[in-house]
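S.K.: Give me coordinates for this.
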Amino acid sequence: MAFLESFSAEEKTLLVSLPYRVGIWVSNADKTGNALSSIHERDELHKIIAKKAAGLFESAFVHEIMSELKLREADWPKWQGQIGDIEADCRTAVTVVSAKLIEHDAKGYKENIMQIATTVALSFREFDVQTSFCKKITTHLGIAFDKFMGGFKGESYVSSSLLNISVAEDMALSKLAKALQFESNIVLPDK
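M.R.: Presented below is the predicted three-dimensional model:
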């Protein structure tokens, strides 16, 4: 693993564990979905990692990180309990990769983490779990109206996915984007 060899053991563990730990952190941001949401989001995180470990990236560094993350699956349970100060860990990771890598790879690393976090947030609709029937109806009608009006303006979006990111998850994604010094707080997952 050519890129990772230039990092200390501590830096390597930070960089490799962070995508997993961020996924867990975002999943834990909203408790309204109870154990069902946690299980679903954790399963989605594991699928994302497996897919990304086998995939190709514009950044060879990101591919190396994801491959190493998959190889270190035995460490995941330990890393689950290490989400206390994800924002500080993200700032440290950005400093480390920015100092040792070209901008393309550093940016790819940050985008990868945001994409994983966003995919986890989108994977379960906490809104439907504890929301009253009246609130569900008015919310869905509002989204349908916005989609209809957007059609006249030439705007398009997948309205159903709007409800998958809860307020707590959106706040976590915003904090994550700030800690990563990311330009945008949402990176849509690959399809």
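
S.K.: Pull the number of nearby residues for Glu64.
M.R.: When counting by other Cβ atoms under 10 Å, one arrives at 19 neighbours for Glu64. All C-beta spots, glycine's among them, are computed from the backbone N, C-alpha and C.

S.K.: Can you tell me what sits against the helix or strand it falls within?
M.R.: Glu64 belongs to helix 60-71 when assigned by DSSP states H and E. Under the contact criterion Cβ atoms under 8 Å, 6 or more residues apart in numbering, helix 60-71 has outside partners 1-4, 12, 15-17, 19-20, 49-50, 52-53, 55-57, 97, 101, 105, 108-109, 112.

S.K.: the bottom helix or strand of the chain by mean pLDDT?
M.R.: Taking mean pLDDT, DSSP states H and E as the measure, helix 127-130 is the helix or strand of the chain with the lowest mean score, a mean of 52.

S.K.: Could you look up the SS state of the nearest residue to Lys175 once chain neighbours are set aside?
M.R.: Distances taken as Cβ to Cβ, 6 or more residues apart in numbering put Glu87 closest to Lys175, at 5.8 Å, once the chain neighbours are dropped. Secondary structure assignment for Glu87 (DSSP: H, G, I helix; E, B strand; the rest coil): helix.

S.K.: Verify the contact between Glu87 and Leu180 for me.
M.R.: No - proximity of Glu87 to Leu180 does not meet the contact threshold set by Cβ atoms under 8 Å, at 9.1 Å.

S.K.: Which of the two has more residues huddled nearby?
M.R.: Leu180 (23 against 15).

S.K.: if we can go back for a sec, any of the contacts of helix 60-71 buried? List them.
M.R.: Buried subset of those (neighbour count, 16 or more other Cβ atoms under 10 Å): 3, 12, 15-17, 19-20, 49, 52-53, 57, 97, 101, 105, 108-109, 112.

S.K.: Please flag which of these sit within helices.
M.R.: 12, 15-17, 19-20, 49, 52-53, 97, 105, 108-109, 112 (DSSP state H).

S.K.: Between those, which sits nearest Gln82?
M.R.: Checking those against Gln82 with Cβ to Cβ, the nearest one is Ser17 at 7.2 Å.

S.K.: Who's the closest spatial neighbour of that closest one, skipping the chain neighbours?
M.R.: Leaving aside its sequence neighbours, Ser17 sits nearest to Trp79 (Cβ to Cβ, 6+ apart; 4.8 Å).

S.K.: Thank you, goodbye.
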